[in-house]
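[1] curious how this folds, go ahead:
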Amino acid sequence: MPADSSLTLEKNDGGGLGLRGRLITGLPGDEVIDDGTVVVAGDRIMWCGPTAELPAGVDVEITRVPLLLPGLVDVHCHGGFGHTFSADHQAARQAAGQHAANGTTSLLASLVSAPSAVLLEQILVLRELVEEGILAGLHLEGPFITKSMCGAQDPAAIIDGDPALLKQWLDAGRGTVRSLTLAPETPNFAELVALCREYGVVPSLGHTDATAARTREALAATPPDGSQPWSATHLFNRMPPLGHRLPGPVAVLLQAAQQNPEQMVLELIADGVHLDPEIVRMVFALVGPRSIALITDAMAAAGMADGPYTLGSLEVTVHDGIARLNQIGGEGVPGAIAGGTSRLLGNVRRCVEWGIPLTDAVTAASFTPARLMNLNHVGALLKGYRADLLVANDELEVLQVYRAGEQIKREGNDCADSAV
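    As a prediction, this is how the structure comes out:
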């Protein structure tokens, strides 16, 4: 990254911050800078690059650290640390704060399918946290999805696509709803996508039983100028399996991401539970980190001990770090996996353990999801960006987190990542 020789930054009463160590910018294609420095003034990054290129005249105290990463960006998260994103303002604030303290400095609150009045109430409450800057936006995971692929969502809350209802929710959100999961086969699909485009919402294909042909037809609704992206909600999970005679949506989504990474981003839950490592390696090899958003799909049990929890209106039990709906269909039949219990930095660490280059894993957990959701000036260590920094050790464990230039105090739940 080129140095800015015009920079002059002096200490003042508000102070300055300088951190020096191995540095990963998060930008696609950037290599690890073995000896890099980030200089922060106020809430912004003023300079970032190789320490040898640090401009003369910079007068801040430089602190050595092992590893510098951008603050991570999770665009699919239902809660954590004992709390669920819902109409409980304080619980949502605490969940977002704990995720931030563990390295995820930008977070979309995901809401599962629910009756319209419940969703509306949740949007009205949570939009205040978005406007305050605690949350980066809202993600509606339904209810315009397919009952047979509902997973850990209440099938009674799943309904046919209703543009009037969606408009009501988007108007209530006042620009805070950034993503909508919907199935290509839901009625009024084209009208729903048109509303998403009008309101700046990313349509995300998921919880679907669509064929490959129906998925390809759905993607044909992309605007002619190609300026607005699609995403795929937790690729592979709650979709028909990729088969050599019945390819389902996965084959089409992989092709779309490989052919145009600016237009299709694939969510992956790299927690060792939702996807086998071979699948994660395959997707990175096929489409690269510009088309992948690592997510947690975390629910209330993330960062917590095993035990009983809820996801939406459904009861969940966590055992050995794996969340499942309470048994259905008779004794001994496990319920569906009910979201994740990991944190995003833990998923980055697992990707590295599975052979994904560290720079690619970081890009997929920072820059790419930020670009997907049009989150300006976050997701990378770059001059002018918000000073969201994650200081980690060589084992990718959190040491310090800064959000908008202020260090987040780490307290309360700080247990190890519980997913296998």
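
[2] which segments of the chain make up each domain?
    17-70+381-407, 72-372 (automatic domain parsing).

[3] now the longest one: average pLDDT?
    Average pLDDT, domain 72-372: 95.

[4] before we move on, back to that, turn the domains of the chain into CSV, including mean neighbour count.
    For glycine as for every other residue, the C-beta is placed from the backbone atoms N, C-alpha and C. Formatted as CSV, those follow (neighbours: other CB atoms under 10 Å):
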stretch, mean neighbour count
domain 17-70+381-407, 19
domain 72-372, 21
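
[5] then the longest helix anywhere in the chain to PDB, C-alphas only?
    Scanning the chain for the longest helix, with DSSP state H as the assignment, gives helix 116-132. Below are the C-alpha coordinates for helix 116-132, written out as PDB (Å, rounded to 0.1, in the frame of the first residue of the first chain):
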ATOM      1  CA  SER A 116     -45.800  -9.600  10.400                       C
ATOM      2  CA  ALA A 117     -46.600  -7.700  13.600                       C
ATOM      3  CA  VAL A 118     -43.700  -9.300  15.400                       C
ATOM      4  CA  LEU A 119     -41.300  -8.500  12.600                       C
ATOM      5  CA  LEU A 120     -42.500  -4.900  12.500                       C
ATOM      6  CA  GLU A 121     -42.000  -4.500  16.200                       C
ATOM      7  CA  GLN A 122     -38.500  -5.900  16.000                       C
ATOM      8  CA  ILE A 123     -37.600  -3.600  13.100                       C
ATOM      9  CA  LEU A 124     -38.900  -0.500  14.900                       C
ATOM     10  CA  VAL A 125     -36.800  -1.300  18.000                       C
ATOM     11  CA  LEU A 126     -33.600  -2.400  16.200                       C
ATOM     12  CA  ARG A 127     -33.600   0.400  13.700                       C
ATOM     13  CA  GLU A 128     -32.800   2.800  16.600                       C
ATOM     14  CA  LEU A 129     -29.600   0.800  17.300                       C
ATOM     15  CA  VAL A 130     -28.700   1.000  13.600                       C
ATOM     16  CA  GLU A 131     -29.200   4.700  13.600                       C
ATOM     17  CA  GLU A 132     -27.100   5.000  16.800                       C
END
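
[6] now the helix or strand just after it against helix 116-132, angle please.
    Per DSSP states H and E, the first helix or strand lying C-terminal to helix 116-132 is strand 137-141. If you take axes from the mean of the first three to the mean of the last three CA atoms, to 10 degrees, strand 137-141 sits at 160 degrees to helix 116-132.

[7] so which elements touch strand 137-141?
    Applying 3 or more CB pairs under 8 Å, 6 or more residues apart in numbering; DSSP states H and E, one finds that strand 137-141 makes contact with strand 72-77, strand 104-112, helix 116-132, strand 177-182.

[8] among those, which is nearest Pro66?
    Checking these against Pro66 by CB to CB gives strand 72-77 as the closest, at 16.9 Å.

[9] next secondary structure after the closest one?
    Per DSSP H and E, the first helix or strand lying C-terminal to strand 72-77 is strand 79-80.
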